[in-house]
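Participant: build me a model:
(one chain, ligands or ions: 1)
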Amino acid sequence: MRLSELTTLRLGGPAERLVEASTEDEVVEVVRKGEPLLVLAGGSNLVVADEGFPGTVMRIATRGVARDGTTLEVAAGESWDPLVAACVADGLAGVECLAGIPGSVGATPIQNVGAYGQEVAETIVGVRVLDRARDTVQELAPAACGFTYRSSAFKREPGRWVVLAVRFALHASGLSAPIRYAELARALDVELGERAPLAQVRDAVLALRRRKGMVLDPSDRDTVSAGSFFTNPILDAGAFAALRARVTDRLGPDVQPPSWPEGDGRVKTSAAWLIERAGFHRGHGDPDGIAISTKHTLALTNRGAGTTAQLLALAREIAAGVHDAFGVDLAPEPVLVGHEW
Ligand SMILES: Cc1cc2nc3c(=O)[nH]c(=O)nc-3n(C[C@H](O)[C@H](O)[C@H](O)COP(=O)(O)OP(=O)(O)OC[C@H]3O[C@@H](n4cnc5c(N)ncnc54)[C@H](O)[C@@H]3O)c2cc1C
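Facilitator: Next comes the predicted model:
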């Protein structure tokens, strides 16, 4: 089977072998058969080479949600978005801003999934993993997961960990966590830091995401993506000052790059803003192959006849353009399989 059938980008050549693991014992058994192994769940954050994968692709299909008060233990193969919907319906706050993100629960700790001012690191209290380096099953506390912006110990050490289940501690409340994202606060007509009814927050997030092509929709080619292709760069003070100088040179003294302080002297800026100011606009690319989404500058989309080679060529063209214009290096957010960045 071609992996394009299992990825949201609809890209990727054949797998040498494909197995589905629907119990934890099956997962452990497949892993112990040895490498090379690619763990795949929803396929929504994977860029697989046109040549495919020369080994076993294991689809995680475990199921189960166990609730103890406001704590949920969820099997890795459960789908994320229905879990968020169920939490909202049950009056459990903490993940409502993460509605509409495709993929599995087990993948959420991998890149510390986040959106609209919330990330899973805020509610995860334990991750049960199979550690392939030690051949043990154990539960990791949040500190051991090393969560950072769109990353974790799991992402930094690819191939070592298989997530079996995730434990979330939520809050019994009809109201959301304080809203931290300006665009969402505006949509809800609340001030930043205010709370809003859970269901309203979920609906507002879904509406904002749909407008950007960030909710999977078979009738919308702008959703044939891996979500945002680039992470927002985090710059130290010197690098941010250099960026401001480059922006002034290029765009004039009245223009400033967006900035969000990280609290440690570093500053996060906007990859989409840099890409647009470097001259790459929505729709740029091949209208039948790979192009920037017509709704969202950060999403690279497959319009039907694209290949992974073309996707990476466009991504590199954009990254080189941003580097030339502003001296900032963009990094891809999805996991590349069979390619180095
Ligand atoms: C339209 C769209 C919108 C998106 N919006 C967002 C967003 O707002 N925020 C965000 O953070 N992400 C977003 N994403 C990216 C993606 O949905 C998330 O990263 C999601 O968590 C990936 O889940 P998955 O099950 O599809 O993982 P896959 O794509 O199957 O796998 C991704 C990586 O995780 C590994 N992996 C998967 N499951 C396991 C496991 N059980 N154990 C160990 N490794 C595992 C894989 O090997 C791979 O390296 C978006 C993607 C799309 C297509």
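Participant: residues near E35, how many?
Facilitator: Look at E35: counted by other C-beta atoms under 10 Å, it has 10 neighbours. From N, CA and C alone the C-beta is placed, and that goes for glycine too.
Participant: where do the strands of the stretch 101-250 of the chain begin and end?
Facilitator: Residue ranges of the strands in the stretch 101-250 of the chain, as given by DSSP state E, counting those that start in this stretch, are 114-115, 118-119, 124-131, 136-140, 161-169, 171-172, 234-235.
Participant: right, and those - which one's nearest A76?
Facilitator: The closest of these to A76 is strand 161-169. By C-beta to C-beta, the value is 4.9 Å.
Participant: assumed D329 was part of a strand.
Facilitator: No - when DSSP: H, G, I helix; E, B strand; the rest coil is applied, D329 is found to be coil, with no strand at that position.
Participant: contact partners for it?
Facilitator: When contacts are counted by C-beta atoms under 8 Å, 6 or more residues apart in numbering, D329 is found next to 233, 319, 323.
Participant: can you do 7 Å?
Facilitator: Counting by C-beta atoms under 7 Å, 6 or more residues apart in numbering, D329 makes contact with H323.
Participant: what about it, distance to the ligand?
Facilitator: As for D329, its distance to the ligand is 20 Å (criterion: C-beta to the nearest ligand atom, to the nearest Å).
Participant: may I have the beta-bridge partners of A165?
Facilitator: For A165, the residues forming beta bridges with it (DSSP bridges) are A75, R128.
Participant: again with I234
Facilitator: Using DSSP bridges, the bridge partners assigned to I234 are K268.
Participant: picking that back up, export the strands of the stretch 101-250 of the chain to CSV and tack on distance to the ligand?
Facilitator: Conversion of those to CSV gives the following (distance: least, C-beta to the nearest ligand atom, whole Å):
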stretch, distance to the ligand
strand 114-115, 4
strand 118-119, 8
strand 124-131, 7
strand 136-140, 12
strand 161-169, 4
strand 171-172, 21
strand 234-235, 15
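Participant: ok, which of those comes nearest S219?
Facilitator: Taking C-beta to C-beta, strand 114-115 is the member of these nearest to S219, at 22.4 Å.
Participant: ok, the closest one: who's next to it in the sheet?
Facilitator: The pairing partners recorded for strand 114-115 under DSSP bridges are strand 118-119 (antiparallel).
Participant: run through who's touching the strand it pairs with.
Facilitator: The list of residues contacting strand 118-119 from outside it, by C-beta under 7 Å, 6+ apart, reads 95, 97-98, 112-113, 177.
Participant: show me where this structure has helices.
Facilitator: Residue ranges of the helices in the chain, as given by DSSP state H, are 24-32, 80-89, 142-145, 153-156, 182-188, 198-211, 237-251, 271-277, 308-326.
Participant: hey, C-alpha coordinates of the longest one in CSV?
Facilitator: Only the C-alpha atoms of helix 308-326 are listed here, as CSV (Å, rounded to 0.1, in the frame of the first residue of the first chain):
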residue,chain,number,x,y,z
THR,A,308,7.0,14.9,-1.9
ALA,A,309,10.1,16.1,-3.9
GLN,A,310,8.0,19.0,-5.1
LEU,A,311,6.7,19.8,-1.6
LEU,A,312,10.3,19.9,-0.2
ALA,A,313,11.5,22.0,-3.2
LEU,A,314,8.8,24.6,-2.5
ALA,A,315,9.5,24.5,1.3
ARG,A,316,13.2,25.0,0.6
GLU,A,317,12.5,27.9,-1.8
ILE,A,318,10.4,29.6,0.8
ALA,A,319,13.0,29.0,3.6
ALA,A,320,15.8,30.3,1.4
GLY,A,321,13.7,33.4,0.4
VAL,A,322,13.1,34.2,4.1
HIS,A,323,16.7,33.7,4.9
ASP,A,324,17.8,36.0,2.1
ALA,A,325,15.3,38.7,3.1
PHE,A,326,15.6,38.6,6.9
